[in-house]
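A.B. asks: 3D model of this:
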Amino acid sequence: MNSLLQLLSYTCTPYQKLSAWLAWSLFVCLGPTACSQAQESNQQQALELLQSGDKLLVKRDFEQAAEKARAAADLAKDLPLVQQRSAELLYLSGHASESLPLFDRVVALVPEEAPENWQRGIALCTCGKFADGAKQFETHHSVNPDDVENSAWYFLCIAKTQGIEAARKTVIPSRGDGRQPMMSVLKMLQNKLDPEQVLAAAEANTAEGSERRRAQFYAALYVGLYYDSLSDAERAAKYLKLSLSYGDSGYMVDTARVYLADRFDAK
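C.D. replies: Predicted structure coming up:
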């Protein structure tokens, strides 16, 4: 139990909320039942491996981070938290296809929490599994109804599988996403704003400094995905690269890097 609580504490960062929630859910389900000594040892080792993997990811040592993730996943196959964070580390290290079985294992272990797993949806898109990605983002709307990022990824999935007109007809709405420039992104998906207007809104509606750079990152990222939805690979790659000039760290910054590499740079 102590190791599980340590894992929960460790993962409470802005980019690991789902993992923390899964850990807490598992703890509630297990109650005070003590783990075997071997299980405790494996959980502790998995924790240490994940901590090391995160540090290696920050250092951009992607292959070593991936190795830590693989080892952690092998040590705690039935602990959703470990499987989830190992999958995330594999994805962020550039191993999207290898991350999918671990994300799927989390879904199998705690199916009632599957809608929360937007990270799985992004990995599916990166691997070109857009039909499955659409299902993931459609269900995520039920637990995160105003997230325009979810709308953008769903739009991409529908455009890739059913065409751009179908995507425009099925845009997931938002009652209001206060982050800049998300509501402009939504209007772009609805064909009410041009991509250039989204980029301009990110600058016009934010204060100079980190707030503006963050908004410009998201504007460029979702303009890039929008062009990918239109099958304009050249401009999609251009704006994904532009997003990386604004973003410095975070799950979505690494997502932009991995998606660009897997979907465009490799070609």
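A.B. asks: spatially central residue in this protein, please.
C.D. replies: The residue lying closest to the centre of the chain (Cα atoms, centre = their mean) is residue 119, at 3.4 Å.
A.B. asks: longest helix in this protein, by number of residues?
C.D. replies: Longest helix of the chain, by residue count under DSSP state H: helix 37-58.
A.B. asks: avg pLDDT for that helix?
C.D. replies: Helix 37-58 comes out with an average pLDDT of 90.
A.B. asks: got it, and stretch 100-107?
C.D. replies: Computed over stretch 100-107, the mean pLDDT rounds to 98.
A.B. asks: for that stretch, buried residues please.
C.D. replies: Residues 100, 102, 103, 104, 105, 106, 107 are the ones in stretch 100-107 that count as buried (16 or more other Cβ atoms under 10 Å). Every residue, glycine included, has its C-beta placed from N, CA and C.
A.B. asks: is it possible to get JSON lines of the residues you listed that adds distance to residue 241 and secondary structure?
C.D. replies: As requested, these are exported to JSON lines (distance: Cβ to Cβ, whole Å; DSSP: H, G, I helix; E, B strand; the rest coil):
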{"residue": "100", "distance to residue 241": "25", "secondary structure": "helix"}
{"residue": "102", "distance to residue 241": "28", "secondary structure": "helix"}
{"residue": "103", "distance to residue 241": "26", "secondary structure": "helix"}
{"residue": "104", "distance to residue 241": "30", "secondary structure": "helix"}
{"residue": "105", "distance to residue 241": "33", "secondary structure": "helix"}
{"residue": "106", "distance to residue 241": "31", "secondary structure": "helix"}
{"residue": "107", "distance to residue 241": "32", "secondary structure": "helix"}
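A.B. asks: and these as a markdown table, adding distance to residue 43?
C.D. replies: Converted to a markdown table, those look like this (distance: Cβ to Cβ, whole Å):
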| residue | distance to residue 43 |
| --- | --- |
| 100 | 24 |
| 102 | 16 |
| 103 | 20 |
| 104 | 21 |
| 105 | 16 |
| 106 | 16 |
| 107 | 21 |
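A.B. asks: would you confirm that residue 137 contacts residue 148?
C.D. replies: No. If you go by Cβ atoms under 8 Å, residue 137 and residue 148 don't touch, sitting 11.7 Å apart.
A.B. asks: the more surrounded of those two?
C.D. replies: More crowded of residue 137 and residue 148, by other Cβ atoms under 10 Å: residue 137, with 29 against 26.
A.B. asks: all good on my end, thank you.
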